[in-house]
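Visitor: okay, here's the prediction I keep looking at, along with the sequence it came from:
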Amino acid sequence: MIYSVSNISGIINAKLIGKEDSEIEYLSIDSRNLISSSNTLFFAIRGERNDGHQFIEDLYNKGVQNFVVEHLPENYFSFPKANFLVVKNSLEALQALTAHHRKRFKYPVIGVTGSNGKTIVKEWIYHIIQGEKAILRNPKSYNSQVGVPLSIWLMDDVFDLAIFEAGISLPTEMEKLEKIICPDIGLITNIGEPHQENFENYEQKALEKLKLFSNAKTVVYSKDQKLIDQLIQTDPVLSKKRLLTWSEKDDADLLVTKKQIDNTTRIHFKFKKHSGDILIPFTDNASIEDAIHSLALLFALDFNPNDFKSKFETLPPVAMRMELKKGINNCTVINDSYNSDLNSLGIALNYLDQQKQHQKKTLILSDILQSGKSDQDLYKEVALLLNKFKVNKLIGIGESISKQAKQFNVDKVFYKSTEDFLQFFNIQDLTDEAILLKGSRNYHFEKISSVLENKVHRTILEINLNALVHNLNYFKSRLKTETKIMIMVKALSYGSGTFEIANILQYHRVDYLGVAFADEGVALREAGIRTRIIVMNPEQNSFDIMLKHHLEPEIYSFNLLQQFNQEVKKAKLDNYPIHVKLDTGMNRLGFVEKEIPKLIDELKSSENVKVSSIFSHLAASDEGFHDDFTRKQISLFDNLSKKITANFKYRIIRHISNSAGIERFPEAQFDMIRLGIGLYGISAINQDQLLTVSTLKSTVIQIKQVPKDETIGYNRMGKAEKDITIAVVPVGYADGLNRKLSNGKGKLYINGFLVPIVGNICMDMCMVDVTNCNIHEGDEVIVFGKEQSVTDIANLLETIPYEIFTSVSSRVKRVYFQE
């Protein structure tokens, strides 16, 4: 739906400065995610460290001409074609505009909140009743203070039902979301631990979430959630609404019982005159609860669940994430077949564009369903997106996209169905390219993903890129605005990967990356990483490739300084950046205090290099016992670095602080910090503020009964003191499972149980005691992750998390995902 700029100006009470009354179709808050420049309105939102106003010039150069700002750019006369809508608060303006937009539509809107299960219930309702209704829903889990407004903006007359999830992390947030969503029907899933750190207790958090239903007509919830039931029944407003409750035991509107049958669950329901059974392909409690919530919502919408039995039987696992995996023929596969609409396609193509390790980009795209646009208009916009993100090849699957082939001016091929594609397309034609899978669920793109992915053994290391960005933002929040950030990506980014991690860091505009050796930096450059890279251990025989790939050396000795300066001179380069290392007590590499006068003279006479930064290394910043020593290091560094910088007319960056130093010694930020282990979820003082990034997981491949007195494994080190049940797991010391965890010292997490390792860990597998545990072949196994932390394992082995992370073998496939 299109608005004029002057119309929007009135809605958000803005002062309009500009001449062109443009038409607006798209809203944006991120300069990196644009669908169409000409009819986009950009909201310059100020965050803790990022300020959208900084990107106005870049956006204007890309063709954006309409901006909501809190103040005019100093050089706003440089943007003669721009319209500026000046407001007090850009985020509040975004929320006000979309709240106005919401009120234009009369069809039912469902609002879903709760601690867990929001996205799954939303997606399952969509799965169950699509075809009966034209349904709009949040893309992915766009449920925040900005995600909800951007989702509401997608409302259009072509839909006749909308379902939006709303998530909060702070008090007062839900009141704002309620004004935007204005749900007619509300559902609260449950109350649990997520975001509890910002609330006094569960009751405060539940009351905040229930504010979403202030003006709803119907509220759906489980009476088995006692706190929720109590708060609703005693609330003078909520208690008077139409309440549709369900329970497995208490008196409720919808009564249910459940029975597990193999790998499925049969749910019997009774609601007024209706009764029946549904079968779902899940047995875990969370999925059963989400299915019953979906069942209750059907009754709230006046549907009979008996008409949707087949839909319940085919409820899909909701990935809620974009996965990046290594593919066949040196390809990278991005699987985002979780949903398909124009908005999420733009997001996914932006992520595809970040994969600089491949020059060729291929999109495999199904028909986009229920877009609200004519096929001609829809695929015209898709074609514009493909051009914008420089997609080289399109493989279209579906009758609608096939009929619009002429719209696309890239290398293209079309198939009527997924089956036709798998039968007739030569997969081997895909070589050394980044491939994005973007398909509606009906097209079963998991079949394509299975064919394209590189097959390796079942042990994988999952890297949660959302968690990594969360941790980056946590450390950013502890820094002064002007403090630069260097991220250490040496040793395969602490075992997590190379360009995959560097890509996401480059996207988030970190200032420097740090590698141990030149070949690591070369690999990043060849993968398309343009961020400045410091080589911490430069070797003379690698100077030439460092210069070729614009890698900047750490200089820690006079010999190294002289050798590198000569190499730069020979290459006829000037002012090549170097980074000078001072030894302030680590007694490893670096110039010591007595060498500083000579160092200053040498640097002055080294005409071909330029000191970009001076730094040192804290030896024990994570241990309070050594705090006096750490402060002496910081003080010595401050004094020595000042002596050096005083001799140069240009600005030189200073840095000494590492992950622990950021948290424990905020006074030591200087001009830049170096973030390493903290990025991966290890904190010196605030572990609860960080998220787990890496999860090493495997699968149970066999369950065996072992009689009393039998032995298990090599050297017969495992002995059954009684009849026991063991599970065999294909992860061993060649994968990174330390052999010292053998014989009961270590445990693995399976299906809710921490089970001890039995006998010696083998090269490729291990055995665990699962006696009296509900564990089956095919169950997921967690070696380390949220359920059992790397720190816990490091403590068992009397080592440090660094060693655990970097011990994960290269044969273990890394799977990167982003929600």
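Guide: Ah, there it is.
Visitor: mind checking pLDDT for the nearest residue to F303 once chain neighbours are set aside?
Guide: Taking C-beta to C-beta, 6 or more residues apart in numbering, and ignoring the residues beside it in sequence, F303 has I129 as its nearest neighbour in space, at 6.8 Å. (C-beta placed from N, C-alpha, C; glycine too.) The score at I129 is 94. That number is its pLDDT.
Visitor: repeat for S807
Guide: At S807 the predicted local distance difference test score is 93.
Visitor: hang on, the earlier thing: could you measure from the residue nearest to F303 over to I135?
Guide: The spacing between I129 and I135, counted by C-beta to C-beta, to the nearest Å, is 7 Å.
Visitor: which neighbours do these two share?
Guide: When contacts are counted by C-beta atoms under 8 Å, 6 or more residues apart in numbering, the set common to I129 and I135 consists of L161.
Visitor: mind checking what helix or strand follows the lowest-mean-pLDDT helix or strand in the chain in sequence?
Guide: Comparing helices and strands within the chain by mean pLDDT, DSSP states H and E singles out helix 490-495 as the least confident, with a mean of 71. Past helix 490-495, further along toward the C-terminus, the next helix or strand under DSSP states H and E is helix 499-507.
Visitor: which strands and helices lie in contact with that next one?
Guide: In this structure, helix 499-507 packs against helix 465-477, helix 490-495, strand 512-515, helix 518-526, with contacts taken as 3 or more C-beta pairs under 8 Å, 6 or more residues apart in numbering; DSSP states H and E.
Visitor: tabulate those in TSV, adding columns for mean neighbour count.
Guide: As requested, the helices and strands packed on helix 499-507 are arranged in TSV below (neighbours: other C-beta atoms under 10 Å):
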stretch	mean neighbour count
helix 465-477	19
helix 490-495	21
strand 512-515	23
helix 518-526	20
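Visitor: could you tell me the least trusted of these?
Guide: If you rank these by mean pLDDT, helix 490-495 sits at the bottom with a mean of 71.
Visitor: who's in contact with the residue nearest to F303?
Guide: When the contact criterion is C-beta under 8 Å, 6+ apart, the partners of I129 are 135, 161, 298, 301, 303, 308, 311.
Visitor: go ahead and confirm the first one touches A162.
Guide: Yes - with contacts defined as C-beta atoms under 8 Å, I135 counts as touching A162 at a distance of 7.0 Å.
Visitor: so for those two, which sits in the more crowded spot?
Guide: A direct count of neighbours by other C-beta atoms under 10 Å for I135 and A162 places A162 higher, at 26 against 21.
Visitor: what residues are up against the more buried one?
Guide: Contact partners of A162, counting by C-beta under 8 Å, 6+ apart, are 105, 107-110, 135-137, 155.
Visitor: partner strands of the one helix or strand it maps to and their direction?
Guide: Here A162 sits within strand 161-165, counting by DSSP H and E. Strands flanking strand 161-165 in the sheet, each with its direction: strand 109-113 (parallel), strand 135-137 (parallel) (DSSP bridges).
Visitor: now do stretch 596-610: distance to the chain's middle.
Guide: Shown here is stretch 596-610, whose average C-alpha point lies 44 Å from the average C-alpha point of the whole chain (C-alpha atoms, centre = their mean, to the nearest Å).
Visitor: same question for that stretch, mean pLDDT?
Guide: For stretch 596-610, the mean pLDDT works out to 95.
Visitor: quick one: contacts of that stretch?
Guide: With C-beta under 8 Å, 6+ apart, stretch 596-610 has contacts from 558, 561-562, 564-565, 568-569, 573-578, 580, 591, 611, 640, 643-644, 647-648, 650.
Visitor: inside helices: which ones of those?
Guide: Judged by DSSP state H, the subset of those located in helices is 558, 561-562, 564-565, 568-569, 640, 643-644.
Visitor: if we can go back for a sec, between the strands paired with strand 161-165, which one is closest to I804.
Guide: Each of the strands paired with strand 161-165 was checked against I804 via C-beta to C-beta, and the shortest separation belongs to strand 109-113, namely 37.1 Å.
Visitor: quick one: buried residues of that closest one?
Guide: When neighbours are counted by 16 or more other C-beta atoms under 10 Å, the buried residues of strand 109-113 are found to be 109-113.
Visitor: and stretch 661-669, by the same measure?
Guide: 661-665, 668-669.
Visitor: ditto for stretch 805-813
Guide: Counting neighbours by 16+ other C-beta under 10 Å, the buried set in stretch 805-813 is 805, 807-808, 812-813.
Visitor: excluding its backbone neighbours, what's nearest K704?
Guide: Distances taken as C-beta to C-beta, 6+ apart put I726 closest to K704, at 5.3 Å, once the chain neighbours are dropped.
Visitor: need the buried ones from the contacts of stretch 596-610 selected in ChimeraX.
Guide: With 16+ other C-beta under 10 Å as the burial test, the buried ones among the contacts of stretch 596-610 are selected in ChimeraX as follows:
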select :561,564,565,568,576,578,580,591,611,640,644
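Visitor: if I look at the residue sitting nearest the centre point of the chain, how far off is P171?
Guide: Note on the chain: the residue nearest the mean C-alpha position is N466, at 2.0 Å, using C-alpha atoms, centre = their mean. Distance of N466 to P171, given as C-beta to C-beta: 23 Å.
Visitor: with I775 instead?
Guide: Distance, I775 to P171, using C-beta to C-beta: 41 Å.
Visitor: ok, now L365?
Guide: Using C-beta to C-beta, which is the criterion applied here, L365 is 42 Å from P171.
Visitor: cool, and D229?
Guide: Using C-beta to C-beta, one obtains 22 Å as the distance from D229 to P171.
Visitor: now swap in L352 and tell me
Guide: Plainly put, L352 is 38 Å away from P171 if you go by C-beta to C-beta.
Visitor: out of the two, which sits in the busier spot?
Guide: More neighbours surround L352 than the other of L352 and P171, with 24 against 15 (other C-beta under 10 Å).
Visitor: just the CA coordinates for the helix or strand where the more buried one lies, please, in CSV.
Guide: Taking DSSP H and E as the criterion, the element that holds L352 is helix 342-353. Once side chains and other backbone atoms are set aside, the C-alpha atoms of helix 342-353 remain, and they are given as CSV (Å, rounded to 0.1, in the frame of the first residue of the first chain):
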residue,chain,number,x,y,z
LEU,A,342,9.3,-10.5,-1.0
ASN,A,343,10.6,-9.0,2.3
SER,A,344,12.4,-12.2,3.5
LEU,A,345,13.8,-12.7,0.0
GLY,A,346,15.5,-9.3,0.2
ILE,A,347,17.0,-10.2,3.5
ALA,A,348,18.2,-13.5,2.2
LEU,A,349,19.7,-12.0,-0.9
ASN,A,350,21.5,-9.5,1.2
TYR,A,351,23.1,-12.4,3.1
LEU,A,352,23.9,-14.1,-0.2
ASP,A,353,25.7,-11.0,-1.3
